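[1] any chance you could fold what I've pasted below:
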Amino acid sequence: MKLNYRIVIFALAIVFGIVFSAPSLFQMQEGKKVTLGLDLQGGLHMLLGVKTQEAVKSRIKSIAASIKHYSEREDILIDELAFDEGAVTFTVLDSDELPKIQGFLKEIDGSVVSVDAEQVSLSLTPEEIVKTQKEAISQAIETIRNRLDQFGLTEPVVARQGDEKILVQLAGIKTQEEEQRARELISRAAKLELMAVDEDRAARVYNMSDADAAEYGDVILSDVKNPEIKYLVREIPILDGGMLTDASMGFDQNNRPLINFKLNAEGAEIFGDFTGKSVGKRLAVVLDGKVYSAPNINERIGGGAGQISGNYTVMEAKDLAIALRSGSLLAPIYLMEKRSVGPSLGADSIKASLVALIGGFVLV
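    Below is the predicted model:
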């Protein structure tokens with residue numbers, strides 16, 4: 001009786017061991033498997049760099065947009081609002097409004113404000129510049145990790161290496177198509193901006209240079225579908241993707257993929273205020289520097305929701321929604337090193353484990 005009891009326990013242990021180890025040993029689709037790293041199943045190894053100075057410029061641009069919205073909301077007349085990589089400058093037309101605008105600017109962390117008569121200049125402190133650059137790297141790591149998690153990869157490695165480099169290891173990337181899709185998802189800035197079309201000069205866009213447009217505080221952007229189509233838009237956006245709370249793939253009335261997005265409370269307020277006073281004008285939906293659409297504003301748009309239409313495939317729309325939902329990169333990233341790692345070590349290790357398992361079973 002005692003011997004039979006031990007045999008039953010031994011047999012059950014063997015059965016359970018085979019059932020639970022088979023998916024990992026034979027890399028079956030069904031069942032839970034032990035996660036194999038890059039060295040065991042092969043994949044993609046990348047070293048990325050971050051253009052941190054672009055994060056500083058983006059911060060300055062965002063401050064300029066905040067100043068524009070505040071002055072319009074409070075009916076403060078300002079002129080010559082402009083920015084470069086180091087500062088935002090503008091003129092307050094009514095000197096009595098200076099204390100009010102200065103009070104708003106003092107609330108901006110890490111800023112230095114100087115006033116000369118009615119001319120106002122705002123720049124970032126050296127400490128704030130360093131902080132912004134460091135945050136750009138940390139945010140890039142978190143954003144890339146979020147995108148890859150939603151992409152469906154199992155436990156991707158995304159870690160800082162040195163001061164301004166990011167190590168990315170993606171186990172299980174086997175085909176060229178998978179590699180290309182992962183690289184595009186990682187590197188895409190996914191920078192959404194809603195920008196006003198300069199209706200006063202829009203007809204002259206094809207006769208203007210970038211320098212000409214800059215004199216009016218504008219930029220020239222191309223259409224995403226047809227690069228020959230140009231738009232003249234205000235350089236300072238109405239709002240950007242930092243106010244985005246959600247993005248998902250949907251379909252239009254013709255069953256073509258599009259992106260639905262939602263804004264936070266601040267973004268919804270700015271969006272509503274702008275569309276309310278811009279009826280009859282156009283609003284450009286810009287993604288990564290390309291105009292996806294520039295619809296006419298027929299009425300005030302409340303609720304803080306919008307759509308991005310384009311010539312997408314379903315897969316492209318899904319990946320774009322992931323990128324937007326995960327957040328835009330504060331600074332562009334670039335590829336410094338890339339290599340594909342073969343699964344030869346993994347195959348040898350799995351084969352050795354299988355031999356050890358069978359050998360142990362025979363000996364027992």
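[2] going by C-alpha atoms from here, please, whenever you check contacts or count neighbours.
    Fine.
[3] so what's the residue nearest to the spatial centre of the chain up against?
    Closest to where the C-alpha atoms of the chain average out (C-alpha atoms, centre = their mean) is residue 328, at 2.3 Å. By C-alpha atoms under 8 Å, 6 or more residues apart in numbering, residue 328 lies in contact with 143, 189-192, 241-242.
[4] sec struct for it, please.
    Judged by DSSP: H, G, I helix; E, B strand; the rest coil, the three-state class of residue 328 is coil.
[5] residue 159 now?
    Residue 159, by the three-state scheme (three-state DSSP), is strand.
[6] beta-bridge partners for it, please?
    Note on residue 159: beta-bridge partners residue 167, judged by DSSP bridges.
[7] quick one on the thing from earlier: go through the contacts of residue 328 and say which is closest to residue 121.
    Of all these, the one with the least separation from residue 121 (C-alpha to C-alpha) is residue 242, at 23.9 Å.
[8] OK, contacts around the closest one?
    Contacts of residue 242 by C-alpha under 8 Å, 6+ apart are 327-328.
[9] now do the one 3 residues further on
    Under the criterion of C-alpha under 8 Å, 6+ apart, the contact partners of residue 245 comprise 261-264, 325.
[10] could you do residue 101 as well?
    residue 71.
[11] so it versus residue 236, what's the distance?
    18 Å (C-alpha to C-alpha, to the nearest Å).
[12] one more: residue 249?
    28 Å.
[13] and those two? which has more neighbours close in?
    Using other C-alpha atoms under 10 Å, the more surrounded residue of residue 249 and residue 236 is residue 236, with 24 against 20.
[14] where do the helices sit along the stretch 151-300 of the chain?
    176-187, 210-215, 265-277 (DSSP state H, counting those that start in this stretch).
[15] what comes into contact with the second one?
    When contacts are defined by C-alpha under 8 Å, 6+ apart, helix 210-215 is touched by residues 219-220, 232.
[16] check the longest one too.
    Where contact means C-alpha under 8 Å, 6+ apart, the residues beyond helix 265-277 that reach it are 69, 238-239, 243-244, 297, 299-305.
[17] most packed of the helices of the stretch 151-300 of the chain?
    Highest mean neighbour count of the helices of the stretch 151-300 of the chain: helix 265-277, a mean of 18 (counted as mean count of other C-alpha atoms under 10 Å).
[18] got the CA coordinates for that one in CSV?
    Output in CSV follows, covering the C-alpha atoms of helix 265-277 (Å, rounded to 0.1, in the frame of the first residue of the first chain):
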residue,chain,number,x,y,z
ALA,A,265,-10.5,69.9,-19.3
GLU,A,266,-7.9,72.6,-20.1
GLY,A,267,-7.6,71.5,-23.6
ALA,A,268,-11.3,71.3,-24.1
GLU,A,269,-11.7,74.9,-22.8
ILE,A,270,-9.0,76.2,-25.1
PHE,A,271,-10.4,74.2,-28.1
GLY,A,272,-13.9,75.6,-27.4
ASP,A,273,-12.8,79.2,-27.0
PHE,A,274,-10.8,79.1,-30.2
THR,A,275,-13.5,77.5,-32.4
GLY,A,276,-16.1,79.8,-30.9
LYS,A,277,-14.3,82.9,-32.1
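[19] show me where the stretch 201-350 of the chain has its strands.
    218-223, 230-234, 239-240, 244-251, 257-263, 283-287, 290-293, 305-309, 333-341 (DSSP state E, counting those that start in this stretch).
[20] parallel or antiparallel, list what pairs with the first one.
    In the sheet, strand 218-223 lines up against strand 230-234 (antiparallel), strand 290-293 (parallel) (DSSP bridges).
[21] quick one: mean pLDDT over it.
    For strand 218-223, mean pLDDT is 95.
[22] related to what we said a few turns ago, same list, the contacts of residue 328, but as a markdown table with distance to residue 335 please.
    Shown next, in a markdown table, are the contacts of residue 328 (distance: C-alpha to C-alpha, whole Å):
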| residue | distance to residue 335 |
| --- | --- |
| 143 | 16 |
| 189 | 14 |
| 190 | 17 |
| 191 | 19 |
| 192 | 22 |
| 241 | 24 |
| 242 | 25 |
